[in-house]
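> sequence first, predicted model second:
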Protein chains: 4
Amino acid sequence: MTTELRVAMIGHGFMGAAHSVGWRQAPAAFDLPLSPSMAVLVGRDPDKTAAAARKWGWAETSTDWQEVIARDDIDVIDIVTPGESHAEIAIAALAAGKHVLCEKPLANSVAQAEAMEQAAQDAAANGIHAMVGFTYRRVPAVTLMRDMIAAGRVGTVRQVRASYRQDWLADPESPMTWRLDKDRAGSGSLGDIGAHIIDMTQFVTGQSLTQVSAVLETLVEERPLLGESVGLSGTAAAERGRVTVDDVALFTGRLASGTLATFEATRFATGRKNALDIEISGDSGALHWNLEDLNVLDFYDATQPAGEQGFTRILVTEPEHPYLAGWWPTGHMLGYEHGFSHQAKDFVEAIASGNAPHPTFAEGLHVQRVLDAVERSSSNGSAWTGV
Amino acid sequence: MTTELRVAMIGHGFMGAAHSVGWRQAPAAFDLPLSPSMAVLVGRDPDKTAAAARKWGWAETSTDWQEVIARDDIDVIDIVTPGESHAEIAIAALAAGKHVLCEKPLANSVAQAEAMEQAAQDAAANGIHAMVGFTYRRVPAVTLMRDMIAAGRVGTVRQVRASYRQDWLADPESPMTWRLDKDRAGSGSLGDIGAHIIDMTQFVTGQSLTQVSAVLETLVEERPLLGESVGLSGTAAAERGRVTVDDVALFTGRLASGTLATFEATRFATGRKNALDIEISGDSGALHWNLEDLNVLDFYDATQPAGEQGFTRILVTEPEHPYLAGWWPTGHMLGYEHGFSHQAKDFVEAIASGNAPHPTFAEGLHVQRVLDAVERSSSNGSAWTGV
Amino acid sequence: MTTELRVAMIGHGFMGAAHSVGWRQAPAAFDLPLSPSMAVLVGRDPDKTAAAARKWGWAETSTDWQEVIARDDIDVIDIVTPGESHAEIAIAALAAGKHVLCEKPLANSVAQAEAMEQAAQDAAANGIHAMVGFTYRRVPAVTLMRDMIAAGRVGTVRQVRASYRQDWLADPESPMTWRLDKDRAGSGSLGDIGAHIIDMTQFVTGQSLTQVSAVLETLVEERPLLGESVGLSGTAAAERGRVTVDDVALFTGRLASGTLATFEATRFATGRKNALDIEISGDSGALHWNLEDLNVLDFYDATQPAGEQGFTRILVTEPEHPYLAGWWPTGHMLGYEHGFSHQAKDFVEAIASGNAPHPTFAEGLHVQRVLDAVERSSSNGSAWTGV
Amino acid sequence: MTTELRVAMIGHGFMGAAHSVGWRQAPAAFDLPLSPSMAVLVGRDPDKTAAAARKWGWAETSTDWQEVIARDDIDVIDIVTPGESHAEIAIAALAAGKHVLCEKPLANSVAQAEAMEQAAQDAAANGIHAMVGFTYRRVPAVTLMRDMIAAGRVGTVRQVRASYRQDWLADPESPMTWRLDKDRAGSGSLGDIGAHIIDMTQFVTGQSLTQVSAVLETLVEERPLLGESVGLSGTAAAERGRVTVDDVALFTGRLASGTLATFEATRFATGRKNALDIEISGDSGALHWNLEDLNVLDFYDATQPAGEQGFTRILVTEPEHPYLAGWWPTGHMLGYEHGFSHQAKDFVEAIASGNAPHPTFAEGLHVQRVLDAVERSSSNGSAWTGV
């Protein structure tokens, strides 16, 4: 029998549901070296927290995250609150010797992220692990993209295009949520979905962004306040509030090698629901992936005979593919939440092995610095701005 | 707190893993009127059964399904064994007053299926429910297809095309499995995957097949025996065995209205991994769906202005869509196993409400009769054969 | 300067327009060994013929095809009339020593086609060529498909699926045209579009169909007569007429090797405009093509590493590809009518070289025999019927 | 009989072939008010010019464009030379009272374009027309996109994304051509293909770009000189030369309404052969088009019921669609060169009617100003730069 690994999760919104699937499914799909148990769910509202815990399978609930962090019988703190509280919780948890999994973006400011990264370094010295929740890295097709680039299958990377398009704010009467409030969310499309494409670009190329030229824009400046929450949005109240974050973030960046990469993050791309799209052009091949068709990786091999070249639609469901051995036979599709199971698996394995999991807080901090550089460039007439 | 509903599952192969996800996830995604608990896993080999139970979260194990059926504290028997044993177990379980969920195809012969259907009728008189596991009915896009046809969105159905293509037997050295043995599997591609497209056609059109003209063929008649099982297939042993089932099933059928429908089931469609594809042509519209892109339903509305007509690619991830309220925000994809959660949900709700769940054993029997008619037609020079 | 090759075309409907493009464009795109000139256009109605000739660039007109055939200064007779008149014209033209290009299907009956094939054989002894207008063979992606199969890129062919779906008769008030009249058209979907997929299957596999099991069906038996002709259809007159041909043709065939092939030809596939779709599954690869995306050939290479397999979307616009050297740079798409230019090119080259062009009248006759076998099988309860 | 319109074309490269198709095919597809005749082909090398004229069907040839412009029997001058000579020829032709069709981009500098625009204005006073060859406007799906935006089918435009990706320079040993020489081509990807997406954005939205923030980059600075020309490229000579133009152009612009638009033009997008892609997001709909699938327009109608929304794949081959009445029945695809026939048709009709054709030289000048602003912004650290 494997040793238990007791997890407490702080927060119970959309991300709480997704992380719960990860903790519930990972041990059923993979042979893990430790047995994660869903020990405590922490939330401000005791009734809502209790209801969520009952539904998702958390054994206990609490309204006091500090008390939970102090408990000896908790090994892992999983933070799924809005960005404003990440730093305080994560730093405290690491200081208390808990492994920490923190949702992205790491924080709402570079200063917070720096403090978190320092805390993670300190904790690492004691064998404590910290990891940021960029789960899209763990969609099998994305992991395969990274592996193929690392193996030289596209040659030298020449251009990167990354975009993340949603349309849930296209309706100007769609109400305010915490995601539209700079104080709580840090930024808008930029931090919420732009952070994903920054991280993914760096992950698959193995290179960091060093500078950016950017423009941020708020297309609808005033919206009804939120009535009742439904999905990412909800019903509209009678009063109106001010949108304090960007709706659209457009930026061009340079990777360490000098390679240009373009980015678009928007919630106004009518008809595009969750279209994270990335394409890497190399001098001997190319790779393309889109979250709306997440089990497919398109690969162009420019070393094949000229008359037979084309984008090959790889269905990433073979046992050879990353994470697939744990799931279904060839051709049986995975969905959005499988990345959370892979995240749980990798985090548990890192804790068991003592090898640091990725993305590290240092990587999360770097993303935060890119977000900050984007905001500075945008405020400065799109001038090229160092990260 | 909701009342518990104690489930025992018999069998622990690929389908056992999938049904386990259903029982585990359904209560976390939906507000169910009863609380299903994963009480007992039954298998022949005690060690393998124990390992599977530990991994998938079943509380107890047993090697004696008859004993389990006899237990007072079990409410539901979930049968995921190969088709040869379905009849005996299901009839016994129903007689013992247990609700029964039985994997498809219902049985390996019409006679078995008839006996099962009779048992289900008898049990129904006592408020006991029986259901067949055609889970693809519960992929949201398929349920939506059915709803749209029922609502008249394509008008009168004029033609149906259904195919289910895999390629895992294309390699003649791919080994024998129980799926290639007529005694255990009943038939080959026909019963394994052809049964799905028969059921789906009848489900979405609301019509039964009445006659068929068919040809069955075994393309590779001898294969290595199975060494170790991996996914749907496995490693090859040194000895060889005889394939006693069809590799390819091609048939044309007529629905009750006289409408022609074409069917292909094959495991030799090189490059097609799990391509269940169905298209319904009506006199005012059409619908198309493919399992390899399972969150999408293509809808052609011939009542739109001529210059704006085209297939609309509906991403079936809106809260309005069937089952979606339980899952993620718009644009977050579901995978293969979500159908099993929907099946668990609907079965639990049927038990709670007393309304019979579908597909009924009568529906399963009808599919069995179609399978039988296909075999008779094929043996009789593709002559049209009544179901 | 190259020698002139003087062409007379008989007929000036839709096919007349398409063949005219072929004769006009081929010499501008390719370096031909003879210079085809558009000498005479023949039609029954002198005004309409003159108008068509003026528009399409034919130098003269005539209402008497027999007289034109008798002229010494005509080298080629191009027949684009409905099928009923093919035999009489082609046989007379061949007897008069003219090379003949005849639209498909070759004839309206096997007897006619046999006489034509005999005439072609007789003429061949005198160096006169006869060719059938299955132009889809000359879409570059289809020619490439044939070449790749011949080169063994998919291994042994295991299954063929071919369908040709249109929807221009889905509306029951769409009027009668000559294509719905058995006396003029021979058959309906079967001969009009089914003939294409029969020919293409035989062309790309290099194998003949030897037997079929079929069902033909007329879905709408009475329609308004045609008022004014527009495209393939037209306006509805007040009176109604009887449809005497099939609307839908479904059949299964066996190739010489025994391989099964499925066929569907329909004009009731709502939303499918011109969807000729063919897929060849071999034991080491597969090929797929669709006329609605005609510049693309999908190739699955089962000999690639398992984790990198997938359908490769070959854009057939490279200089290496068949016929492409005559056209535009890579990535510049060809359209429907380019096949007619390729047909003209190949026919001119055959005349110049003395090598027989394909498809021969013998191939056209074989297609006619398959059409006939389909009709006989359908009349005989779908019994397997030899070609 | 219609009056003749005598055309002289100057230049005989790739664009000469394409324009020749336009002049040859337009009168055969459409009922034109004037009869264009292919009178004179002008080129520097008499042999090559004669060969091209013979192949493409030009009646005469000349090596002296000034002499041809002076001829009384020439009505139209069609300029398909590299950009460096556009201004001199066009201005002279307009002054001589010839209608002028000039390939894009209008010129190699703003100053040249201004002079040309002034010449066009002067000529217009005398009923002489000038038009720029942005033929992609006349792909039916693009014209339809413009029409639908103008008709309010997407509401207010919120974002525009336009990219044009090719890969023929991805190989660093692909040789120099005149397109890589700043003196002859003006710029690289920017003017060659970027000009198309600038024009198309302005055309479909009906709005001009007012400012840009840009970065241009040359990825491969030295290449073999050109040996023999083949397609857009050719064989490599032994010596090497310096690339003096951009390989990649990335820029963000603002339309008159303030709407943000992103642009990418590149010849290094491995695997993308001719991927001009444009997407318009409006507040009640969206439109998307890609040149590699040029007969398709994707339309998202956000006013449909939520559960039935999706991108509708409109096959732009209906008689209702722009230009389609002249071509084939529904579902028969057009190719790259059809835009040139539509251009010829519209230009002839403008000359006959006296209504000015578009795109005007003023529009061509505006594109030139955008190109210039892009270069200035790129030289100035991507600062926002007025057009």
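Received it, and whenever you're ready, just let me know what you need. A quick note: this is a predicted structure, and the numbers were derived from the prediction, not measured. Numbers count the residues shown, from 1 in each chain, chains lettered A, B, ... in the order given.
> quick one: average pLDDT of stretch A:22-38?
For stretch A:22-38, mean pLDDT is 97.
> actually stretch A:73-85, not the one I typed
Mean per-residue pLDDT for stretch A:73-85: 96.
> touching chain B at all, that stretch?
No: applying Cβ under 8 Å from any Cβ of the partner chain, one finds stretch A:73-85 out of contact with chain B, separated by at least 14.2 Å. Backbone N, C-alpha and C define where each C-beta goes, glycine included.
> check the gap between the residue nearest the centre of chain A and chain C for me.
With distances taken as Cα atoms, centre = their mean, chain A has A:F134 as the residue nearest its mean C-alpha position (2.7 Å). For A:F134, the distance to chain C (Cβ to the nearest Cβ, to the nearest Å) stands at 23 Å.
> for A:R6, same thing?
37 Å.
> before we move on, what SS does the closest residue to that residue other than its chain neighbours have?
Computed as Cβ to Cβ, 6 or more residues apart in numbering or on different chains, the closest residue to A:R6 that is not its neighbour in sequence is A:A39, at 4.2 Å. Assigned with DSSP: H, G, I helix; E, B strand; the rest coil, A:A39 falls in the strand class.
> okay, now A:A39: neighbour count?
Look at A:A39: counted by other Cβ atoms under 10 Å in any protein chain shown, it has 21 neighbours.
> show me the contacts for A:G186.
A:G186 sits next to A:G83, A:E84, A:P105, A:A107, A:N108, A:S109, A:V245, A:L371 when contact means Cβ atoms under 8 Å, 6 or more residues apart in numbering or on different chains.
> can you name the residues that contact the first one?
Residues counted as contacts of A:G83 (Cβ under 8 Å, 6+ apart) are A:P105, A:L106, A:A107, A:N108, A:R184, A:A185, A:G186, A:G191.
> likewise for the second one?
Contacts for A:E84 (Cβ under 8 Å, 6+ apart) come out as A:N108, A:D183, A:R184, A:A185, A:G186.
> run through the bridge partners of whatever residue of the stretch 101-250 of chain A ends up closest to chain D.
Taking Cβ to the nearest Cβ, chain D has its nearest neighbour within the stretch 101-250 of chain A at A:S213, 4.4 Å off. Per DSSP bridges, the residues bridged to A:S213 are A:T252.
> my guess is it meets A:S377, correct?
Yes: with contacts counted by Cβ atoms under 8 Å, A:S213 reaches A:S377, the gap being 5.5 Å.
> and those two? which has more neighbours close in?
Neighbour totals were compared for A:S213 and A:S377, and A:S213 leads with 28 against 25 (other Cβ under 10 Å).
> ok, the more buried one to D:S377 distance?
According to Cβ to Cβ, to the nearest Å, A:S213 and D:S377 sit 10 Å apart.
> which neighbours do those two share?
D:S213.
> on that earlier part again, enumerate every residue touching the residue nearest to the centre of chain A.
Taking Cβ under 8 Å, 6+ apart, one finds A:K104, A:A195, A:H196, A:D199, A:M200, A:F203, A:P359, A:G364, A:V367 in contact with A:F134.
> let's go with 10 Å and repeat that
Contact partners of A:F134, counting by Cβ atoms under 10 Å, 6 or more residues apart in numbering or on different chains, are A:103-106, A:142, A:195-196, A:198-200, A:202-203, A:339, A:343, A:358-359, A:363-364, A:367.
> pLDDT score for the residue lying closest to A:D346 once chain neighbours are set aside?
Leaving out its chain neighbours, the residue that sits closest to A:D346 by Cβ to Cβ, 6+ apart is A:P357, at 5.8 Å. A:P357 carries a pLDDT value of 96.
> what about A:P357, how many neighbours?
19.
> do I have it right that it meets A:V76?
No: contact between A:P357 and A:V76 fails when scored by Cβ atoms under 10 Å: they sit 11.5 Å apart.
> so what sits against both of the two?
With Cβ under 10 Å, 6+ apart as the test, A:P357 and A:V76 both reach A:H99, A:L101, A:H129, A:F347, A:V348, A:I351.
> part of a strand, is the residue nearest to A:D346?
No: remark: A:P357 does not belong to a strand; assigned using three-state DSSP, it is coil.
> so where do the helices sit in the stretch 251-387 of chain A?
Counting by DSSP state H, counting those that start in this stretch, the stretch 251-387 of chain A has helices at residues A:338-353, A:361-379.
> how about those helices in JSON lines, adding mean pLDDT?
Supplementary listing: these in JSON lines, determined by pLDDT from 0 to 100:
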{"stretch": "helix A:338-353", "mean pLDDT": "98"}
{"stretch": "helix A:361-379", "mean pLDDT": "98"}
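> next, format these as JSON lines and append distance to B:G253.
Listed next are those as JSON lines, based on distance: least, Cβ to Cβ, whole Å:
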{"stretch": "helix A:338-353", "distance to B:G253": "37"}
{"stretch": "helix A:361-379", "distance to B:G253": "56"}
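> mind checking which of the ones you listed is nearest D:F311?
Among these, helix A:338-353 comes nearest to D:F311, with 25.2 Å by Cβ to Cβ.
> just the CA atoms of the closest one, as CSV, please.
What follows is helix A:338-353, C-alpha atoms only, in CSV (Å, rounded to 0.1, in the frame of the first residue of the first chain):
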residue,chain,number,x,y,z
HIS,A,338,-7.4,15.5,-18.1
GLY,A,339,-4.7,18.1,-17.8
PHE,A,340,-5.6,18.4,-14.1
SER,A,341,-5.1,14.7,-13.6
HIS,A,342,-1.7,14.9,-15.3
GLN,A,343,-0.8,17.8,-13.1
ALA,A,344,-1.8,16.0,-10.0
LYS,A,345,0.1,12.9,-11.1
ASP,A,346,3.3,14.9,-11.9
PHE,A,347,3.1,16.8,-8.7
VAL,A,348,2.7,13.6,-6.6
GLU,A,349,5.6,12.0,-8.4
ALA,A,350,7.8,15.0,-7.9
ILE,A,351,7.0,14.9,-4.1
ALA,A,352,7.8,11.2,-4.0
SER,A,353,11.0,11.5,-6.0
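> the nearest residue to A:I79 once chain neighbours are set aside and chain B: what is the separation?
Among residues not flanking A:I79 along the chain, A:C102 sits closest, at 4.5 Å (Cβ to Cβ, 6+ apart). For A:C102, the distance to chain B equals 21 Å [Cβ to the nearest Cβ].
> list the buried residues in the helix or strand where A:A52 lies.
Element membership of A:A52 [criterion: DSSP states H and E] is helix A:46-56. By neighbour count with 16 or more other Cβ atoms under 10 Å in any protein chain shown, helix A:46-56 contains the buried residues A:T49, A:A50, A:A52, A:A53, A:R54, A:K55, A:W56.
> correct me, but the second one touches A:W56?
Looking back up the chat, that one is A:A50. No: if you go by Cβ under 10 Å, A:A50 and A:W56 don't touch, sitting 11.1 Å apart.
> so what's the residue count around the closest residue to A:Q368 other than its chain neighbours?
Nearest residue to A:Q368, sequence neighbours excluded (Cβ to Cβ, 6+ apart): A:A113, at 4.0 Å. Using other Cβ under 10 Å, A:A113 has 28 other residues around it.
> ok, back up a step: turn the buried ones among the contacts of A:E84 into a named ChimeraX selection, would you?
In ChimeraX syntax, the buried subset of the contacts of A:E84 is picked out as below (16+ other Cβ under 10 Å):
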select /A:108,184,185,186
